[in-house]
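Undergrad: kindly generate the corresponding structure for this input.
(one chain, ligands or ions: 2)
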Amino acid sequence: MVFTSFAGRSYNVVSDQVKQSDSFDEIPMIDLSQPQAQVVDSLRDACTRVGFFSISNHSIPQSVIDQVFSTAAEFFSLDDAAKQQAHFKNGTALCGYEGFQNVYTDETKKPDLNEAFSWRYGPDMDQFSEPNKNIEESKQESNPDDKKEDFLTSGQNIWPNAKPEMRRDISQYYSHLGSMGKILHYPPQRAKGPDPPFGIGAHTDIECFTILCQGGDVPALQVLNPNGEWILVPPIRGTFVVNIGDMLARWSNDTFRSTIHRVLNITGQERYSLPVFIGPSYQTIIQPLETCLADGAKYDPIPAGLYVWKRLAISRLDKDEYEKQLVKMENHLTPAINV
Ligand SMILES: O=C(O)CCC(=O)C(=O)O
Ligand SMILES: [Fe+2]
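TA: Ligands and ions are numbered 1, 2, ... in the order given. Predicted coordinates:
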């Protein structure tokens, strides 16, 4: 069976001929309190063989995690108008609220059965909006000639007016991490029948790596092993799941694996999760590292920001809007590749 992700990656070919030592049937757990050399060995194995691992003893207080999940559940239970006010189409950074079936993640373009809210971190992202100011006030204060309309490097987050404390709780959680964060809500879905929807369709992540917290005890995240079997990532309170994304796979010339995963919530319970996608500065050129070129470079250099923008925009904007914005984004980000 050949399985290409939305990114069209090729090593995600799966077959029943794979040697056992090259496959996996469970997600490794790495205890960060172990001696450093042991942690490094476990990381190397997990990143090169599996592309996914869980971490324990990470030192982020459980109370901060519980608080952000309770804020998330309250936000998703607001009425639709309150959530639409923070819709990503009201901003410039492709961040904000995404309703059910607004986005597709897998290559079949089947809409995802989740709603989500995402934001980015950066000193510029919130400079116009005090915690309780709404987006209209924020827009009036911004200078239209300013480069603030540029995507990614200096766009603005939008926060829902109906829940001002959401920004505080998310920022507190986020200050322990970095890059772009998201909260997702997956309703229970039907288990049987032809062509079932997915909470998130099969995909690989875009940035370098993802740190994901699964809320509650709702097993639904599945990872594809090289034998073509879907392996469950069990939710374990007090741990995070970490997975390699496509940028780090490109950077390491596929030494590190960016592994296909999906969400199927057939537990009958509501599920919430909180991924943070971590990458380099959006001006960085991602080019296979010299130490990983034994088989020749598999990828051309790309500017990180343009890569992220294209991957996000293709499943969120209609064709005309995508083409229109692409020109702007290429102008904004392409010079960096010639440096
Ligand atoms: O909700 C999850 O467990 C996974 C989310 C995910 O894969 C993503 O947002 O890229
Ligand atoms: Fe993902």
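Undergrad: now do the SS call for the spatially closest residue to His87 that is not a sequence neighbour.
TA: Leaving aside its sequence neighbours, His87 sits nearest to Tyr97 (CB to CB, 6 or more residues apart in numbering; 4.9 Å). The way it works is simple: take the backbone N, C-alpha and C, and place the C-beta from them, glycine included. Under DSSP: H, G, I helix; E, B strand; the rest coil, Tyr97 falls in the strand class.
Undergrad: residues in the stretch 201-339 of the chain within reach of ligand 1, list them.
TA: Residues of the stretch 201-339 of the chain found near ligand 1 (CB under 6 Å from any ligand atom) are 205, 212, 214, 221, 261, 263, 273, 275.
Undergrad: which of the residues you listed are buried?
TA: Buried by 16 or more other CB atoms under 10 Å: 205, 212, 214, 221, 261, 263, 273, 275, out of these.
Undergrad: excluding its backbone neighbours, what's nearest the first one?
TA: Leaving out its chain neighbours, the residue that sits closest to Asp205 by CB to CB, 6+ apart is Gly245, at 3.7 Å.
Undergrad: likewise for the fourth one?
TA: Nearest residue to Leu221 in three dimensions, chain neighbours excluded: Val233, at 4.3 Å (CB to CB, 6+ apart).
Undergrad: which parts of the stretch 201-339 of the chain are helices?
TA: Using DSSP state H, counting those that start in this stretch, the helices of the stretch 201-339 of the chain run over residues 246-251, 304-314, 319-333.
Undergrad: buried sites along the longest one?
TA: Going by neighbour count (16+ other CB under 10 Å), the buried part of helix 319-333 is 322, 325-326, 329, 332-333.
Undergrad: mind listing what Gln101 touches?
TA: By CB atoms under 8 Å, 6 or more residues apart in numbering, the contact set of Gln101 is 111-113.
Undergrad: hmm, Thr210 is touching Phe277, no?
TA: Yes. Here Thr210 lies in contact with Phe277, judged by CB atoms under 8 Å, at a distance of 5.2 Å.
Undergrad: quick one: the closest residue to ligand 1 within the chain from Asn265, how far?
TA: Proximity of the chain to ligand 1 (CB to the nearest ligand atom) peaks at Ser273, 3.4 Å away. Noted for Ser273: a distance of 10 Å to Asn265, by CB to CB, to the nearest Å.
Undergrad: give me the common contacts of the two.
TA: Contacts common to Ser273 and Asn265, judged by CB under 8 Å, 6+ apart, are Tyr186.
Undergrad: count of neighbours near Leu289?
TA: By the measure other CB atoms under 10 Å, the count of residues near Leu289 is 13.
Undergrad: quick one on the thing from earlier: give me the pLDDT for the residue nearest to His87.
TA: For Tyr97, the pLDDT comes out at 96.
Undergrad: number of residues surrounding it?
TA: 25.
Undergrad: swap in Ala162?
TA: The burial count for Ala162: 15, using other CB under 10 Å.
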